[in-house]
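coords please:
(6 chains)
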Number of protein chains: 6
Amino acid sequence: MSLSARNQLPGIVEDVKLGTIMALVTVRVGDNIVDSVITRASAEGLGLKKGDAVRAVVKSTEVMIQKD
Amino acid sequence: MSLSARNQLPGIVEDVKLGTIMALVTVRVGDNIVDSVITRASAEGLGLKKGDAVRAVVKSTEVMIQKD
Amino acid sequence: MSLSARNQLPGIVEDVKLGTIMALVTVRVGDNIVDSVITRASAEGLGLKKGDAVRAVVKSTEVMIQKD
Amino acid sequence: MSLSARNQLPGIVEDVKLGTIMALVTVRVGDNIVDSVITRASAEGLGLKKGDAVRAVVKSTEVMIQKD
Amino acid sequence: MSLSARNQLPGIVEDVKLGTIMALVTVRVGDNIVDSVITRASAEGLGLKKGDAVRAVVKSTEVMIQKD
Amino acid sequence: MSLSARNQLPGIVEDVKLGTIMALVTVRVGDNIVDSVITRASAEGLGLKKGDAVRAVVKSTEVMIQKD
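Numbering: from 1, shown residues only, chains lettered A, B, ... in the order given. Okay, the predicted model is just below:
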């Protein structure tokens, strides 16, 4: 995908929880879990469900660094 | 760390590139590369350098889903 | 906290309102009120309640300037 | 200002540092310092300089909570 | 409006849908539809309703580029 | 593109300005100008130049509403 967002992490949907306006999509990416909050309309529009192969996409300006 | 941001991905700094205002920090997270853009002041304040153990932290509202 | 986010404003939780997916957390910071929208899961995970001492954390790239 | 962003914190510009593309604007808000990264074009367009009365504006979805 | 956010697109509200915490505001901007998710409190505070003249405001650091 | 981001506005690149870390991409979308700040690495990776057909992509949680 030729999108400028530099972080496009491949994973598998583990759970989709729908609210009135928003949805919480949980994705397994390697050894990590990545939570995504998108609109319910988008979750339904993509037909997201457990087991789907997806990418978690994050613009690099949205990534902070925590030094342990 | 008791921060509300749900995504805190452990990794190793691979590169730090400094601009006048911003810095680009590249982190290896499992099999993926995660790029982070933070201020140069923060990169220097944390003393970030290649090999550091860090976490890439992302608020879940900043994560989009791409369905392949 | 050694997080790159430069804005970490100390305050006291005034209110927590829970929705299905999201939560609205209202924090008093000095003379100002700061509203934060996080996931309900994070609000519950942190056990946020009125009177808690917290920090409102904002990445500097998310701050705009309005000139009066 | 009738903008939906719920956080509009009044303060005084303490410093403006210009890069090629971005600018770092430091604002005193009560007892806190708030750092803002905006485009250089916006900083110049607003004529931002030390001593200006401004508001630091943040959408509530961009505010995280750290519990101490 | 003297706000640093560079993108302030004039349009007409087509729909407002309210959840418990969030609201989805749909705005027609020229030939495009722009969806905005803000707090329900802000939607109600602004009295947003179908037909309102508004601006969809986006900080430039939040805009990605997709090359077709 | 099957990306959850609801706002994908078609336009034409008018200008690309490169800094050390970041780039400012100006896109004409109908009667409006949309400014995007992405990494220089992404701008170069996509080979962005004046005249390119692109989409300006914005997650709906990043869109505020200003009522005139």
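
Please name the nearest non-neighbouring residue to residue A:66.
Closest residue to residue A:66 apart from its sequence neighbours, by C-beta to C-beta, 6 or more residues apart in numbering or on different chains: residue B:55 at 4.1 Å. Heads up, the C-betas are built off the backbone N, CA and C, glycines and all.

Pull the distance from stretch A:11-20 to the chain's centre.
From the chain centre to the centre of stretch A:11-20 is a distance of 9 Å (C-alpha atoms, centre = their mean, to the nearest Å).

Report the beta-bridge partners for the residue nearest to residue A:66.
residue A:66, residue B:10 (DSSP bridges).

Residue B:8 is in contact with that one, correct?
Yes - look at residue B:55 against residue B:8 with C-beta atoms under 8 Å: they come within range, at 4.6 Å.

Looking only at neighbour counts, state which of the two leads.
Neighbours per residue (other C-beta atoms under 10 Å in any protein chain shown) separate residue B:55 from residue B:8, with residue B:55 holding more: 21 against 16.

in which helix or strand would I find the nearest residue in space to residue A:43 that is not next to it in sequence?
Spatial nearest neighbour of residue A:43, chain neighbours left out: residue A:23 (3.8 Å); criterion: C-beta to C-beta, 6+ apart. Assessed by DSSP states H and E, residue A:23 sits inside strand A:22-29.

how far out from the middle of the chain is that strand?
The answer for strand A:22-29 is 5 Å, by C-alpha atoms, centre = their mean.

and if you look at stretch A:40-60?
6 Å.

I'd assumed residue A:51 was in a helix, is it?
No - going by DSSP: H, G, I helix; E, B strand; the rest coil, the assignment for residue A:51 is coil, not a helix.

you'd agree it is up against residue A:13?
Yes - with contact defined as C-beta under 8 Å, residue A:51 counts as touching residue A:13 (6.4 Å).

These two: who's more crowded?
Neighbour count, other C-beta under 10 Å: between residue A:51 and residue A:13, residue A:13 has more, with 22 against 7.

mind checking how far the residue lying closest to that one once chain neighbours are set aside is from residue A:28?
Leaving aside its chain neighbours, residue A:13 sits nearest to residue A:52 (4.3 Å; criterion: C-beta to C-beta, 6+ apart). Here residue A:52 is placed at a distance of 11 Å from residue A:28 (C-beta to C-beta, to the nearest Å).

Give the intersection of the neighbour lists for these two.
residue A:12 (C-beta atoms under 8 Å, 6 or more residues apart in numbering or on different chains).

between these two, who's got more neighbours?
Using other C-beta under 10 Å, the more surrounded residue of residue A:52 and residue A:28 is residue A:52, with 18 against 14.

for the more buried one, phi and psi?
phi -60, psi 140 (degrees, to the nearest 10).

contacting residues for it?
A:12-13, B:67.

so how far is stretch A:48-63 off the chain centroid?
Distance, centroid of stretch A:48-63 to centroid of chain: 3 Å (C-alpha atoms, centre = their mean).

ok, so of the contacts of residue A:52, who is nearest residue A:41?
residue B:67 (14.3 Å; C-beta to C-beta).

Hmm, the closest one is touching residue A:45, no?
No - the criterion here is C-beta under 8 Å, and residue B:67 misses it with residue A:45 at 9.6 Å.

give me every residue that touches the closest residue to chain C within chain A.
Nearest residue of chain A to chain C, counting by C-beta to the nearest C-beta: residue A:19, 3.6 Å away. The contact partners of residue A:19, taken as C-beta under 8 Å, 6+ apart, are A:40, C:19-22, E:19-20, E:22.

do that again at 6 Å, thanks
C:20-21 (C-beta atoms under 6 Å, 6 or more residues apart in numbering or on different chains).

For it, give me the pLDDT.
According to the prediction, residue A:19 has pLDDT 98.

Any regions of chain A where pLDDT drops low?
Scanning chain A for pLDDT under 70 picks out the ranges A:1.

Spell out which residues of it are next to chain F.
Residues of chain A found near chain F (C-beta under 6 Å from any C-beta of the partner chain) are A:4, A:6, A:38-39, A:42, A:60.

Among the residues you listed, which ones are in strands?
Counted as lying in strands by DSSP state E, out of the residues of chain A next to chain F, are A:38-39.

With distance to chain B and neighbour count added, can I get the residues of chain A next to chain F in JSON lines?
Below are the residues of chain A next to chain F laid out as JSON lines (distance: C-beta to the nearest C-beta, whole Å; neighbours: other C-beta atoms under 10 Å in any protein chain shown):
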{"residue": "A:4", "distance to chain B": "11", "neighbour count": "25"}
{"residue": "A:6", "distance to chain B": "4", "neighbour count": "24"}
{"residue": "A:38", "distance to chain B": "6", "neighbour count": "28"}
{"residue": "A:39", "distance to chain B": "11", "neighbour count": "23"}
{"residue": "A:42", "distance to chain B": "7", "neighbour count": "23"}
{"residue": "A:60", "distance to chain B": "4", "neighbour count": "24"}
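
and the residues of chain A next to chain F near chain E, which?
residue A:4.

so which of the residues of chain A next to chain F would you say is closest to chain E?
For the residues of chain A next to chain F, the nearest to chain E is residue A:4 (4.4 Å; C-beta to the nearest C-beta).

Surely the closest one is in contact with residue F:43?
No - counting by C-beta atoms under 6 Å, residue A:4 stays clear of residue F:43, with 7.3 Å between them.

Since that was my last question, I'll sign off now.
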